[in-house]
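[1] Got a predicted model here, sequence first, then my questions.
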Amino acid sequence: METPVSLGAEDIRNRKARVLWSMRQLQLEDVVVGQYKGHNEGGKSYHAYIDDPTAPKDSLTPTFAAAALFINNARWDGVPFLMIAGKALHTNQKRAIFLA
């Protein structure tokens, strides 16, 4: 976000809102979804989502999603912001990575 006029709560909120309103509408080609499958790794067996007794065997429910978001302003033009989320990933983490 751009520097707010002041450090007052309303000015900061306005700058944050301006960034959100500047986001390009999400396009299908900027999104990937998937569903985890069973596999063996390091002598350990991992079950697929559809192996869960509560999941329908023909389920197409995504358990992973990634999206590239873009902000339409001079500072961030052409820079993708990646949002990635998933169920049953090998690590539980939250992070922000900025690449130049």
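    Alright, I've got the coordinates.

[2] what about the strands in the chain?
    Here the chain has its strands, by DSSP state E, at 31-34, 39-41, 44-46, 64-69, 81-86.

[3] Point out the one among those that comes closest to residue 6.
    When the strands of the chain are compared by CB to CB, strand 81-86 sits nearest residue 6, at 26.1 Å. (C-beta placed from N, C-alpha, C; glycine too.)

[4] re the thing from before, which among the strands of the chain is found nearest to residue 5?
    strand 81-86 (24.2 Å).

[5] So which residues make contact with that closest one?
    Strand 81-86 has contacts (CB atoms under 8 Å, 6 or more residues apart in numbering) with 36, 63, 64, 65, 66, 67, 68, 69, 70, 71.

[6] Would you mind giving the strands of the chain as CSV with distance to residue 23 and mean neighbour count added?
    Below are these laid out as CSV (distance: least, CB to CB, whole Å; neighbours: other CB atoms under 10 Å):
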stretch, distance to residue 23, mean neighbour count
strand 31-34, 14, 12
strand 39-41, 36, 9
strand 44-46, 35, 9
strand 64-69, 6, 15
strand 81-86, 9, 12
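
[7] Would you mind giving those strands as JSON lines with distance to residue 20 added?
    As requested, the strands of the chain are arranged in JSON lines below (distance: least, CB to CB, whole Å):
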{"stretch": "strand 31-34", "distance to residue 20": "18"}
{"stretch": "strand 39-41", "distance to residue 20": "38"}
{"stretch": "strand 44-46", "distance to residue 20": "37"}
{"stretch": "strand 64-69", "distance to residue 20": "10"}
{"stretch": "strand 81-86", "distance to residue 20": "12"}
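
[8] Including distance to residue 10 and mean pLDDT, could these go into TSV?
    Converted to TSV, the strands of the chain look like this (distance: least, CB to CB, whole Å; pLDDT from 0 to 100):
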stretch	distance to residue 10	mean pLDDT
strand 31-34	34	97
strand 39-41	51	91
strand 44-46	49	91
strand 64-69	25	94
strand 81-86	25	90
